[in-house]
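[1] Structure here, sequence nowhere to be found:
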């Protein structure tokens with residue numbers, strides 16, 4: 001790991017503070033050309049590194065520290081055409097202006113730092129620390145200079161190492177088009193491994209990664225990763241993908257996605273997220289979720305029922321509902337369609353299947369005995385093969401299907417194949433490799449049962 005430049009002399013701090021309040025920014029430099037740039041510490045006093053919350057802990061939406069990185073390069077210019085009274089902003093400009101404003105002024109962000117990410121003349125990543133106004137003006141007015149973009153793995157590594165020092169959440173905005181060193185085309189073949197290496201701190205520091213994708217109209221020169229037949233193309237409003245990656249401690253990342261970003265795009269993916277326990281209970285006394293067959297709670301007095309007695313018959317299988325509190329899960333994982341597709345049952349001592357999956361209605365939310373549960377899963381038990389066993393509701397770790405749909409092996413003609421990024425699936429494979437030893441499930445809720453002997 002490289003070492004950041006540090007100078008704690010009071011005169012330098014005062015000078016940097018003066019530059020910051022005057023709206024200027026300092027350029028992050030490095031000592032050696034053979035290593036990625038080492039971003040220097042912001043003039044703003046860093047907050048102490050946040051204590052790592054226990055996995056599965058409830059999200060309390062505490063304030064978080066945020067480092068926002070915007071890649072500026074010739075390839076990003078088309079997302080940010082100069083503003084005019086008769087021109088609508090692009091989706092990119094709308095999303096980013098709202099994001100930077102929320103980071104700057106929102107109640108959920110404590111310390112914040114803004115960076116413009118680029119490449120220097122030696123091919124190394126540079127993180128220019130800028131003011132809020134400088135970054136916002138870049139988004140709405142465009143990139144004026146001729147700027148080379150840094151290769152994707154190096155940019156990710158520089159940003160993550162810079163943020164880990166203060167425990168800040170990294171929010172990285174880019175088109176994620178990989179442009180390796182022209183003298184090293186082999187980097188195309190090692191993209192997944194390079195991404196994994198660039199994000200190794202995420203694994204070492206127990207960080208998670210949220211990936212959000214959106215398409216935006218694009219105006220001007222587009223530089224594909226595949227240079228044949230055209231090295232560049234001029235686009236006039238075609239949709240090109242851009243991505244927002246959020247990297248940090250799980251609780252802090254969820255604060256950023258839920259309370260800072262908000263109104264998330266449909267394309268979401270979450271890596272490293274895990275909930276060892278979620279609140280759940282068999283719902284057996286509600287008219288809304290009336291059970292069928294012989295089933296009752298093992299404990300007659302328990303308010304939360306996690307063990308049931310049941311006796312399915314050949315002509316009368318048992319059906320009952322399990323309430324789950326999934327409010328702390330990422331937004332896309334709470335969607336009923338997602339849960340219907342991916343929820344699984346693991347059963348020992350019998351046979352069971354999932355019936356319906358529904359989210360709590362307003363009527364259910366107003367019912368005191370049910371208000372603590374966000375979702376309800378109907379379980380059918382036609383047969384038991386043992387006197388006792390378990391029924392476990394599981395949500396497996398899966399890669400969303402949109403990842404493959406937004407990936408392409410040839411991005412040279414975006415007009416014919418819009419909203420696709422070169423080898424995006426390989427990029428995500430590199431992220432997945434960080435969590436190869438993680439639990440195979442996002443959460444599990446295990447209901448015990450005993451066979452009721454009539």
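    Sure thing, it's come through. Everything numeric in this text was worked out from a predicted model, so none of it was measured.

[2] Name the single longest helix found in the chain.
    helix 91-105 (DSSP state H).

[3] quick one, the next helix or strand after that one and helix 91-105 angle?
    Next in sequence after helix 91-105, counting helices and strands by DSSP states H and E, comes strand 109-119. Relative orientation of strand 109-119 versus helix 91-105 (axes from the mean of the first three to the mean of the last three Cα atoms, to 10 degrees): 140 degrees.

[4] Just list what the helix or strand just after strand 109-119 packs against, helices and strands only.
    Sequence-wise, the next helix or strand downstream of strand 109-119 (DSSP H and E) is strand 125-130. Applying 3 or more Cβ pairs under 8 Å, 6 or more residues apart in numbering; DSSP states H and E, we find strand 125-130 packed against strand 109-119, helix 152-164. Placement of C-beta: from N, CA and C, glycine included.

[5] Determine which stretch of these is the most buried.
    helix 152-164 (a mean of 25; mean count of other Cβ atoms under 10 Å).

[6] So what touches that one?
    Here helix 152-164 makes contact (Cβ atoms under 8 Å, 6 or more residues apart in numbering) with 1-2, 4, 36-39, 67, 69, 71, 115, 117, 124-125, 127, 149-150, 169-170, 172, 174, 176-179, 191, 194-195, 197-199, 201-202, 205, 207, 245, 247-248, 427.

[7] quick one: residue 277 from residue 251, how far?
    Distance of residue 277 to residue 251, computed by Cβ to Cβ, to the nearest Å: 15 Å.

[8] And those two? Which one has more around it.
    Just comparing residue 277 and residue 251: by other Cβ atoms under 10 Å the higher neighbour count belongs to residue 251, 21 against 11.

[9] Find the helix or strand that the more buried one is a member of.
    Using DSSP H and E, residue 251 falls in helix 250-255.

[10] In that helix, which residues are buried?
    Of all the residues in helix 250-255, those buried under the rule 16 or more other Cβ atoms under 10 Å are 250-255.

[11] Dump those into CSV; add pLDDT as well.
    Shown next, in CSV, are the buried residues of helix 250-255 (pLDDT from 0 to 100):
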residue, pLDDT
250, 97
251, 95
252, 97
253, 97
254, 95
255, 96
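
[12] what ranges do the strands span in the stretch 201-350 of the chain?
    Secondary structure of the stretch 201-350 of the chain (DSSP state E, counting those that start in this stretch): strands at 208-222, 233-248, 267-271, 280-283, 294-297, 307-311, 318-324, 344-348, 350-359.

[13] Residue 365 touches residue 371, doesn't it?
    Yes: with contact defined as Cβ atoms under 8 Å, residue 365 counts as touching residue 371 (5.5 Å).

[14] could you check the distance from the closest residue to residue 332 other than its chain neighbours over to residue 362?
    Residue nearest to residue 332 in three dimensions, not counting chain neighbours: residue 268, with 4.1 Å by Cβ to Cβ, 6 or more residues apart in numbering. Taking Cβ to Cβ as the measure, residue 268 falls 25 Å from residue 362.

[15] Could you give the bridge partners of the closest residue to residue 358 other than its chain neighbours?
    Distances taken as Cβ to Cβ, 6+ apart place residue 376 nearest to residue 358, at 5.4 Å, with adjacent residues excluded. Judged by DSSP bridges, the bridge partners of residue 376 are residue 323, residue 358.

[16] OK, contacts around residue 376?
    Contacts of residue 376 (Cβ under 8 Å, 6+ apart): 283, 289, 321-324, 356-360, 364.

[17] Next: residue 92.
    Per Cβ under 8 Å, 6+ apart, neighbours of residue 92: 79-80, 139, 214, 216, 242.

[18] Would you mind listing where the chain has pLDDT under the threshold?
    For the chain, the stretches flagged by pLDDT under 70 are 1-61, 180-188, 454.

[19] Quick check, central residue of it?
    Residue closest to the mean C-alpha point of the chain, counted by Cα atoms, centre = their mean, is residue 210 at 1.1 Å.

[20] Show me what the residue lying closest to that one once chain neighbours are set aside is bridged to.
    Nearest in space to residue 210, with sequence neighbours left out and distances taken as Cβ to Cβ, 6+ apart, is residue 246 at 4.3 Å. Under DSSP bridges, the beta-bridge partners of residue 246 are residue 171, residue 210.

[21] Kindly provide the distance from residue 246 to residue 253.
    Using Cβ to Cβ, we find residue 246 at a distance of 5 Å from residue 253.

[22] Determine the residues that are contacts of both of the two.
    In contact with both residue 246 and residue 253: 169, 209-210, using Cβ under 8 Å, 6+ apart.

[23] With distance to residue 100 added, can I get the residues you listed in JSON lines?
    Output for those, formatted as JSON lines (distance: Cβ to Cβ, whole Å):
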{"residue": "169", "distance to residue 100": "14"}
{"residue": "209", "distance to residue 100": "21"}
{"residue": "210", "distance to residue 100": "18"}
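
[24] quick one: which of those residues is nearest residue 264?
    residue 210 (9.1 Å; Cβ to Cβ).

[25] Can you name the residues that contact that closest one?
    245-247, 253, 256-257, 268-271, 330.

[26] Repeat the analysis, applying 7 Å as the threshold.
    Applying Cβ atoms under 7 Å, 6 or more residues apart in numbering, we find residue 210 in contact with 246, 253, 257, 270, 330.

[27] so how far is residue 407 from the nearest residue to residue 260 once chain neighbours are set aside?
    Of all residues not flanking residue 260 in the chain, residue 102 sits nearest, at 5.0 Å (Cβ to Cβ, 6+ apart). From residue 102 across to residue 407, the span is 29 Å (Cβ to Cβ).

[28] Same question for residue 159.
    22 Å.

[29] Residue 328 too?
    According to Cβ to Cβ, residue 328 stands 30 Å off from residue 407.

[30] higher neighbour count, the two?
    Per other Cβ under 10 Å, whichever of residue 328 and residue 407 has more neighbours is residue 328, with 22 against 18.

[31] If you count neighbours, what's buried in the strand or helix carrying residue 195?
    Counting by DSSP H and E, the element that carries residue 195 is helix 191-198. For helix 191-198, a neighbour-count test (16+ other Cβ under 10 Å) marks 191-192, 194-196, 198 as buried.

[32] likewise stretch 77-97?
    For stretch 77-97, using 16+ other Cβ under 10 Å, the buried residues are 77-81, 89-93, 95-96.

[33] circling back to that earlier point, for residue 268 and residue 362, indicate the residue with more neighbours.
    Taking neighbours as other Cβ under 10 Å, residue 268 and residue 362 compare with residue 268 leading, 19 against 6.

[34] Tell me the bridge partners for that one.
    Going by DSSP bridges, residue 268 forms beta bridges with residue 212.

[35] Can I take it that residue 363 is in a helix?
    Yes: checked against DSSP: H, G, I helix; E, B strand; the rest coil, residue 363 lies within a helix.

[36] which non-adjacent residue is nearest it?
    Spatially, and ignoring its direct neighbours in sequence, residue 363 is nearest to residue 288 (7.6 Å; Cβ to Cβ, 6+ apart).

[37] and that neighbour, what are its phi and psi?
    The phi/psi pair for residue 288 (degrees, to the nearest 10) reads phi -70, psi -40.
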